[in-house]
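Enquirer: Turn this into a model:
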Amino acid sequence: MRLSRKIMATGSPLALAVGNFDGVHLGHQAILRATMRAAERFGLSAAALTFAPLPREFFASRQNNPALAPPRLMSVSEKLIAFAQTGLEHVFVPRFDERFSSQSPADFLQSLRAADVRWMMVGDDFRFGAKRSGDVGLMRQFGAAHGIEVATMADVVTAGSGVRVSSSAIREALAAGRLSAAAEMLGKPYAITGRVTHGKKLGRTLGFPTANVALSGRKPALAGVFAVKCRLVTRGLEGVAELGKFDVGEVLNGVANLGTNPVVSSENRPHLEVFLFDYSSDLYGKRVQVSFIEKIRDEQNFASLDGLVTQMHDDTARAKKILSRMNPDGSAKEGLQDHP
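Expert: Numbers count the residues shown, from 1 in each chain. Below is the predicted model of the structure:
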């Protein structure tokens, strides 16, 4: 899979999927599969176009109000892992900045034509160009005039609950602690990937050595204490990250705290700390993927470290019980039901 920070010709005509793809949920996956099928049917190369930062992040920053932007479900690196797993040949990630956001709809469409896009798919509510003035109707008019087929994807709903799948719905489910609902829309448990960094090492002195996973300024979509599964992330072909294995196995179980750690830190910024069961090797500098299986409780303050340690023992016991019912991929073992 080749990555470009500009929309440009690749030497092959393209079938192109366009969108934010935050979370690469079931709806996004349906768009990517349709793009792969179109590429095969018409003899094209399959590609995706997404943006960094996300448009709402850019506009929130321009207004000096980051709170206007919703929590991002995944980083660009995580998105590239998901794209690579679909078999895409090319991914365009242009910088969404003042220049990009102010281009006219016609200029945006001409850039796609210059990249030799022959087929493309967008969501039926996709808007583009300055002040969101371009829509699917305009895109279809342009496509008809220049030999570009424009397709849209109908809403995708979950099989179990019939809920419309969207990034917003996933954020709402995560914020409410409904991890199984989020996983149903994502097609897998929600996960965060980051590099293990040095922390205060207080957990080690308390008997719970934790891996501090860098969030890199990310605003998490969830908070609390969770039963988790952890995988190592390595580098694959052409620098694209891929999932690897620990020296003791593919997946490790653990319990994670995602929040501001009010007992041990006065900083009002989120941290992700993971205590991995039965694992003591050095992870510093390595990248890990933490999958959130079930929420145990909200983050809370404690009057003393002794109270914290007692709670950590309880959290560990609950996490082990939860994870004993799970397969390595986070799905429930046959015949077992999720906790309510």
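Enquirer: what are the ranges of the helices in the stretch 51-200 of the chain?
Expert: 55-62, 76-86, 98-101, 105-114, 136-146, 167-175, 179-186 (DSSP state H, counting those that start in this stretch).
Enquirer: Looking at the ones you listed, spot the one closest to residue 25.
Expert: Closest to residue 25 of the helices of the stretch 51-200 of the chain, according to Cβ to Cβ: helix 179-186, at 5.1 Å. Placement of C-beta: from N, CA and C, glycine included.
Enquirer: mean confidence score for the closest one?
Expert: Taken as a whole, helix 179-186 has a mean pLDDT of 96.
Enquirer: to the chain's geometric centre, what's the distance from it?
Expert: Relative to the chain's own centre, helix 179-186 is displaced by 13 Å; criterion: Cα atoms, centre = their mean, to the nearest Å.
Enquirer: Spatially central residue in this structure, please.
Expert: Computing the C-alpha centroid of the chain and ranking residues by Cα atoms, centre = their mean puts residue 74 first, at 2.6 Å.
Enquirer: For residue 233, see how far away it is.
Expert: Distance, residue 74 to residue 233, using Cβ to Cβ, to the nearest Å: 13 Å.
Enquirer: Equivalent analysis for residue 153, please.
Expert: 29 Å.
Enquirer: Next: residue 273.
Expert: The value you get for residue 273 to residue 233, if Cβ to Cβ is used, is 18 Å.
Enquirer: higher neighbour count, these two?
Expert: Using other Cβ atoms under 10 Å, the more surrounded residue of residue 273 and residue 233 is residue 273, with 23 against 19.
Enquirer: so that one bridges to which residues?
Expert: residue 212, residue 257 (DSSP bridges).
Enquirer: So it is in contact with residue 214, correct?
Expert: No. Using Cβ atoms under 8 Å, residue 273 makes no contact with residue 214, being 11.1 Å away.
Enquirer: on that earlier part again, identify, out of the helices of the stretch 51-200 of the chain, the most deeply packed stretch.
Expert: Most buried of the helices of the stretch 51-200 of the chain, by mean neighbour count (mean count of other Cβ atoms under 10 Å): helix 179-186, with a mean of 22.
Enquirer: wouldn't residue 173 be in contact with residue 182 here?
Expert: Yes. Using Cβ under 8 Å, residue 173 is in contact with residue 182, at 4.1 Å.
Enquirer: Residue 143 reaches residue 149, doesn't it?
Expert: Yes. Counting by Cβ under 8 Å, residue 149 is a contact partner of residue 143 at 6.2 Å.
Enquirer: shared neighbours of the two, anything?
Expert: Both residue 143 and residue 149 are contacted by residue 120, under the criterion Cβ atoms under 8 Å, 6 or more residues apart in numbering.
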